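**Q** Need a 3D model of the following:
(one chain, ligands or ions: 1)
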Amino acid sequence: MLSIEIRPANLTDIDDVIRLNRLTLPENYPPQFFYDVFMQYPKAFIVARSASMLVGYVMTRIEKTLTVIKWINRAHIISVAVHPAYRRQGIARKMMIEACKASYEFYKASEVYLEVRVTNEPAINLYKGLGFEIKEINRGYYSDGEDAYVMHSPLPLKVSD
Ligand SMILES: CC(C)(COP(=O)(O)OP(=O)(O)OC[C@H]1O[C@@H](n2cnc3c(N)ncnc32)[C@H](O)[C@@H]1OP(=O)(O)O)[C@@H](O)C(=O)NCCC(=O)NCCS
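**A** Next comes the predicted model:
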């Protein structure tokens, strides 16, 4: 973990992010989508790099939502992944903390949410450890029919790294 740098993405990281997304997740998006999200919310697009390669990313979009009383900004964690060879070293946790901090500080988001497969125990544990709670089940959310938990947390997170 010592030699891993965690920081906001640069434009030159995005092709590596796209490759890591294809390697690690069935949910893939057109390359332009990654670039669009990066261009709009660069401070909350977090990457982890070793000396030689990109080993993780968290892609975040900020969404305006109308609550009962007012408009708020919500951070939507769209995609998170860590390269299989670098897992269980706290990299995802650290990236999530940075993405949530940036969403709160730069984009004034007062909540964060995400979808996760109901069988994805590593990810569910990661999010619970950060204080996220399951808010609802989105039935058949994924293209193969699997359900998603929608998990959320107020911002700022109450944990630190
Ligand atoms: C989920 C994922 C991002 C976690 O990355 P990571 O860097 O290994 O996670 P961390 O080391 O920061 O783990 C933080 C906590 O998450 C939980 N966790 C992570 N991996 C776990 C596993 N294999 N089994 C159970 N819990 C796990 C643990 O609570 C862990 O804390 P601990 O190590 O102190 O017990 C990674 O497994 C991954 O890329 N998976 C494939 C892509 C994916 O599923 N993304 C999420 C989509 S919603």
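
**Q** Which residue ranges of this structure form strands?
**A** Applying DSSP state E to the chain gives strands spanning 5-8, 46-49, 54-66, 71-82, 109-117, 133-138, 148-154.

**Q** Columns mean neighbour count and distance to the ligand on top of those strands, output as a markdown table?
**A** For every residue, glycine as well, the C-beta is placed using N, CA and C. Shown next, in a markdown table, are the strands of the chain (neighbours: other C-beta atoms under 10 Å; distance: least, C-beta to the nearest ligand atom, whole Å):
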| stretch | mean neighbour count | distance to the ligand |
| --- | --- | --- |
| strand 5-8 | 15 | 11 |
| strand 46-49 | 23 | 8 |
| strand 54-66 | 20 | 6 |
| strand 71-82 | 20 | 4 |
| strand 109-117 | 20 | 4 |
| strand 133-138 | 12 | 12 |
| strand 148-154 | 19 | 9 |
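
**Q** out of those, which comes closest to D16?
**A** strand 54-66 (3.7 Å; C-beta to C-beta).

**Q** Let me know which of the strands of the chain is the nearest to K101.
**A** strand 46-49 (9.4 Å).
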